[in-house]
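Student: Fold the following, please.
(3 chains)
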Amino acid sequence: MNNFIKGEKHDWEMVIGLEIHAQVKSNSKLFSSSSTKFGSSPNSQVSLVDAAMPGMLPVINKYCVEQAVKTGVGLNAKINNYSVFDRKNYFYADLPQGYQISQYKYPIVGEGKVTIDFKDGTSKDIRIVRLHLEQDAGKSLHDQNPSKTYVDLNRSGVALMEIVSEPDIRTPDEAGMYISKIRSILMYLDTCDGNMQEGSLRADVNISVRKPGDDYGTRCEIKNLNSIKFIKQAINYEAKRQIEILESGGTIEQNTMLFNTSTGKTRPMRNKEEAHDYRYFPDPDLLPLEISQEEIGKIKSSIPELPDELKNKFIEIYKLSNYDASVLTAEKQTSDYFNESINSDPELKNHAKIVVNWITSELFSLLNKNNLDLNNSPVSPENLGQLIKLISTNEISGKIAKDVLEDMFSSGKTAKQIVDEKGLQQVTDQGEIAKVIDEVIAENPKMVEQYLAGKDKLLGFFVGQAMKLTKGKANPKMLNDILKQKLNKKN
Amino acid sequence: MSKSSLKQTLKDLDTKKISIRELNQDYLKRIKENKNLNVFIHFSEENVLKQIDNLENDNSAKKLKGIPIAIKDLFCTKSMPTTAASKILENFNPTYESFVTQKLLDEGSIFVGKTNLDEFAMGSATNTSFFGNTINPLSKENEPLAPGGSSGGSAAAVAADLCLGATGTDTGGSIRQPASFCGVVGIKPTYGLCSRWGIAAFASSLDQAGIFSHNVEDASILLQSIAGFDQRDSTSAKVDIPNYFENLDDDLNGKTVGIPKEYSIDGTPMEISQIWEDAIKVLEKKGVKIKNISLPHTKYALPTYYIIAPAEASSNLARYDGVKYGFRSDEIDSLDEMYENTRAQGFGREVKRRILIGTYVLSAGYYDAYYLKAQKVRKLIADDFNRAFNECDFIVTPTAPSAAFPLNEKQNDPIKMYLNDVFTVPASLAGLPGISIPFGKDKNNLPLGIQILGKHFDEQQVFNAAVSLERSYE
Amino acid sequence: MKINKNTINKIARLSRIKLDDKESEDYIKDLNSILDWVEQLNEVNTENVEPLSNISSSILPKREDVSNDTNSSEEILENAPDKLEGFFAVPKVVE
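Tutor: All right, here's what the predicted structure looks like:
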């Protein structure tokens, strides 16, 4: 299978690299002690340092450094014992210092890789070039006033991790999976809240197209995309645009593009900076950042299990499929929920597959319907575990369990409470089930005749009738067995 | 006019021989009489009187209680505007107090005003200020002299006895050279001894606050007051600050002084070579061992400095863009127009020159050839000193290659201007402490200065050598 | 000549400083003479020499991650040449 796209004339391949900007989860900013809280009133979280008042100096936040190291470990990357903060010089209204403190030549984290898993069970490594720490800029608001741009510096100075990938990505889907995977790792590590809507996680996409086997083409950079959907849309549109130009004999101009989320189109930035020259140089207000092996070791030992480790563990312990395990571990809250649920009763370990299914299908669809997040689920992991135990011990049928779950979801009661109150225990008394079946057989002689004549499908009809009489409480397996037995005796 | 020292004044205040009010009235009177010197960018008698009132109601004991101090207008102060002698900081009223000035306030000193300087401390004559030249108080009537720079206002304030001490900053010689020109004592301590927090930055890796005073003892008292670790400055040093004054010891017997041969420069006036020799002789008499040393990269210090300092400045001064504070041009059709006009109109010629050169040496294709090269030579210069200090306890050189020059001497050639810093810049690049003390006069009876350099954080040795020379000269 | 009209325009633009023709001429002259002068550094052999960025020999100090909530927008905006509705205001930018 290849990932080529058909052009008018021949096939094309996309070459995609991502620069992900992830806001470090911390209380205070990278070089100042103002709060990083989102959504406060304008310019209320701005220190003298953030506003670049004369004579103000940066002092680095220790925790942000640790967060970057943690993330580096999560990306299977080399942590550099020595890194340097540089100034990246350019003018913009929301860049109060006239430079951004970033890392250029010596980033805190070097080469690494992450793995993305496909549905068909295959996987692919995306190589990471580097991760570096830098300051976020403030925000410019262009549409608050007809003649002015407003500047809010609340975000100015918040710590960002820029994670740069190699151009190893070949399709919009891979790009989506890659950023999902990064997001998942960041959230497991608790180094970024992963909130794309609020801009805590955003990406610049570099994309070019080439004929399969050719060298890389000229790339364009699409700036500041803050949802996976937009990333895929932007890539698709931009690739198509580039292919059209190339197929009509044109050349691609290296450009910085903006993506319009309402039209789904990309366009070059209007106020294009003439050839950027950022004049990076080591920030003389700061000394080199040195991290010892001991410190790195300490941080490493504090790191929780990451999605890939957890996935392999789930596969091994619970014999789950690669796909089930990767769905379960894609988000930390899901794997946490699963862990709590399955550990709530020793019995459940043997029914892991059922637990997975009930979380990822039944519970998820209820949450979806109600616009809720797993973290806010009205059904606790223990309660779901209890419900599943009732199923696995044949106390209720799967079908009834669905109704019980809905009831749990809205009433907050436990499965046991609901089953007891409504008398939903499964009927497992052989005699009782046999009695019902006799009734059904007696009432439908014609059907019995047809069944015996070879119309096997009618078995379902008898099951349905019997279930109806037991209000769905009969144990389906027993019902089936006894029914077959009785019908076959007629023969 | 005999100038009283800080040391004596503290005694007089202590014994109630004089009151804080009487003392400061005396200084206020002289400040008003000397307005023609253009020493202050900001002076308000009312503000001084208010400070006197406050101190009179304050019963706590403070080390510098009531002492009139002048502040270079590069230090941000809450009670007075701060301009850095630039139009671009027009009407800027800091809401914060610099580390150094806060320490002086905590000790109970009175700020008499904000002194003039070269715009953003870029200059050697206090003639690039948006607020006009400062005149050297030692000028003859019809021949005004430059006070040196960039801290010319502070040096002149001490020389004219408008205060008992003044703060300065020294990036390449901005304390030592004007001290020499004005016949006062000026010390630039080790890089990192005094926090840079709240001082408008010129070149961050070189800027260092220091002190002007009438004599070495006073300088030792004042430096101790402004030194100390500050967690808000990542380059601030965590070192113990000794009581320099208590520890002053003019007995140099058994010490070794280094005399760098590279500081004998062709074209240096005879008188300057003469006072240098005199100083060496004095030291020799005091039992100091004279050691000829070599600082082989001295020659390259100035060009190194004039790459590094403008490079850092071009970035440090990017924050003056008309958005957050200070001056904004009226011609603002677009954001870029606003930047370009604000900065064109807000900065003076020398500042623009340095921003342009700094931008150039950092720009793509030139970084390695200029900036990186200069950083490497800087390392060699620092190593020169490290080696030399294995052989000596302190180094003695002239402070400046000339006495104060006439104010209206044409300074069209920037390089000629930069040569004023030839003796002071090497120690700045190496981050070493250096003091200038008046030592002898030229043929026009203008003061000349001797510079004493010490090891990192060995300000005590610098003070000891200085006080010893000073006492022998008096 | 290292600096010509194009170079001076480029660096003036990077520095966001508008220059008129007369100024450009003057700065071309100044910068060329300064650059010629600093060129003497090429005499120095700097092979295997580590560049020195900061003379300080101490280790980069780090702060604890504690936020202070004492910032006020009034204080930050106090000196702003143009402010509206709690924001700094600048001429409209079209991206």
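
Student: Tell me who's in contact with A:Ile315.
Tutor: The neighbourhood of A:Ile315, defined by Cβ atoms under 8 Å, 6 or more residues apart in numbering or on different chains, consists of A:Ser321, A:Asn322, A:Ala325. Placement of C-beta: from N, CA and C, glycine included.

Student: please redo it, this time with the cut-off set to 7 Å
Tutor: The neighbourhood of A:Ile315, defined by Cβ atoms under 7 Å, 6 or more residues apart in numbering or on different chains, consists of A:Asn322, A:Ala325.

Student: Please identify the helix or strand for it.
Tutor: Taking DSSP states H and E as the criterion, the element that holds A:Ile315 is helix A:307-318.

Student: in that helix, what's buried?
Tutor: Under the neighbour-count criterion of 16 or more other Cβ atoms under 10 Å in any protein chain shown, helix A:307-318 has A:Pro307, A:Asp308, A:Leu310, A:Lys311, A:Phe314, A:Ile315, A:Tyr318 buried.

Student: And whichever helix or strand comes after that helix, what's buried?
Tutor: Sequence-wise, the next helix or strand beyond helix A:307-318 is helix A:322-329, with elements assigned using DSSP H and E. Within helix A:322-329, the residues that count as buried by 16+ other Cβ under 10 Å are A:Asn322, A:Asp324, A:Ala325, A:Ser326, A:Val327, A:Leu328, A:Thr329.

Student: Output these as CSV; include the columns distance to A:Asn343.
Tutor: Below are the buried residues of helix A:322-329 laid out as CSV (distance: Cβ to Cβ, whole Å):
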residue, distance to A:Asn343
A:Asn322, 22
A:Asp324, 18
A:Ala325, 16
A:Ser326, 20
A:Val327, 19
A:Leu328, 14
A:Thr329, 16
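
Student: Out of those residues, flag the one nearest to chain B.
Tutor: For chain B, the nearest member of those is A:Thr329. The distance, counting by Cβ to the nearest Cβ, is 40.3 Å.

Student: Next up, the contacts around the closest one.
Tutor: For A:Thr329, the contacting residues are A:Pro307, A:Leu310, A:Lys311, A:Phe314, A:Ser335, taking Cβ under 7 Å, 6+ apart as the criterion.

Student: which residues touch the second one?
Tutor: It refers to A:Leu310. Counting by Cβ under 7 Å, 6+ apart, the residues that A:Leu310 touches are A:Thr329, A:Ser335.

Student: Could I get the pLDDT score of it?
Tutor: The predicted structure scores A:Leu310 at 93 on the pLDDT scale.

Student: And it, how close does it get to A:Gly72?
Tutor: Using Cβ to Cβ, to the nearest Å, one gets 19 Å for the distance from A:Leu310 to A:Gly72.

Student: got it, and the first one?
Tutor: A:Pro307 is 16 Å from A:Gly72, where distance means Cβ to Cβ.

Student: okay but B:Phe389 is in contact with B:Phe457, surely?
Tutor: No. Assessed by Cβ atoms under 7 Å, B:Phe389 is found out of contact with B:Phe457, at 12.0 Å.

Student: May I ask you to name the longest helix in chain A?
Tutor: helix A:228-247 (DSSP state H).

Student: In the stretch 351-491 of chain A, what residue lies closest to chain C?
Tutor: A:Asn375 (23.7 Å).

Student: So what's the residue count around B:Asn420?
Tutor: Close neighbours of B:Asn420, defined as other Cβ atoms under 10 Å in any protein chain shown, add up to 26.

Student: Could you find the closest non-adjacent residue to it?
Tutor: B:Ser124 (4.0 Å; Cβ to Cβ, 6 or more residues apart in numbering or on different chains).

Student: Could you check how far the one you found is from A:Leu405?
Tutor: Taken as Cβ to Cβ, the spacing of B:Ser124 relative to A:Leu405 amounts to 82 Å.

Student: Which strand or helix spans B:Gly168?
Tutor: According to DSSP H and E, B:Gly168 maps onto strand B:165-170.

Student: Who are the packing partners of that strand?
Tutor: Secondary structure elements in contact with strand B:165-170, counted by 3 or more Cβ pairs under 7 Å, 6 or more residues apart in numbering or on different chains; DSSP states H and E, are strand B:68-72, helix B:152-159, strand B:208-213, helix B:216-226.

Student: chain center to that strand: distance?
Tutor: Using Cα atoms, centre = their mean, to the nearest Å, the distance from the centre of strand B:165-170 to the centre of the chain it belongs to is 5 Å.

Student: Next, the angle strand B:68-72 makes with it.
Tutor: In this structure, strand B:165-170 runs at an angle of 20 degrees to strand B:68-72, with axes from the mean of the first three to the mean of the last three Cα atoms, to 10 degrees as the basis.

Student: quick one: average pLDDT of strand B:165-170?
Tutor: If you average the pLDDT over strand B:165-170, you get 98.

Student: same question, stretch A:224-235
Tutor: For stretch A:224-235, the per-residue pLDDT averages 96.

Student: Likewise for stretch B:241-253?
Tutor: Across stretch B:241-253, pLDDT averages out at 97.

Student: got the contact list for that stretch?
Tutor: Among residues not part of stretch B:241-253, those counted as contacts by Cβ under 7 Å, 6+ apart are B:217, B:220-221, B:223-224, B:227-228, B:283, B:286-288, B:459-460, B:463-465, B:467-468, B:471.

Student: for it, which positions count as buried?
Tutor: Going through stretch B:241-253 with 16+ other Cβ under 10 Å, the ones that come out buried are B:Ile241, B:Tyr244, B:Phe245, B:Leu248, B:Asp250, B:Leu252.

Student: so who does the closest residue in space to B:Phe43 that isn't next to it in sequence touch?
Tutor: For B:Phe43, the nearest residue in space outside its immediate sequence neighbours is B:Gly113; the separation is 3.7 Å by Cβ to Cβ, 6+ apart. Contact partners of B:Gly113, counting by Cβ under 7 Å, 6+ apart, are B:Phe40, B:His42, B:Phe43, B:Ala70.

Student: Show me the strands in the stretch 1-150 of chain A, by range?
Tutor: A:5-6, A:11-23, A:60-61, A:82-83, A:86-89, A:99-102, A:112-117, A:123-135, A:139-141, A:148-152 (DSSP state E, counting those that start in this stretch).

Student: my bad, chain C
Tutor: Counting by DSSP state E, the segments of chain C that form strands are C:62-63, C:83-84, C:87-91.

Student: now the second one: how far from the chain's centre is it?
Tutor: When you say that, I think you mean strand C:83-84. 26 Å.

Student: could you give the angle of the longest helix of chain A to strand A:11-23?
Tutor: Using the same axes, to 10 degrees, helix A:228-247 lies at 140 degrees relative to strand A:11-23.

Student: Given the following helix or strand past helix A:228-247, what are its sheet partners and their directions?
Tutor: Sequence-wise, the next helix or strand beyond helix A:228-247 is strand A:256-260, with elements assigned using DSSP H and E. Strand A:256-260 has these partner strands in its sheet, going by DSSP bridges: strand A:220-225 (parallel), strand A:265-268 (antiparallel).

Student: mind checking the end-to-end distance for stretch B:73-87?
Tutor: In terms of Cα to Cα, to the nearest Å, the two terminal residues of stretch B:73-87 are separated by 13 Å.

Student: right, is that stretch up against chain C?
Tutor: No. Legend: contact between stretch B:73-87 and chain C by Cβ under 7 Å from any Cβ of the partner chain is lacking; minimum distance shown is 9.9 Å.
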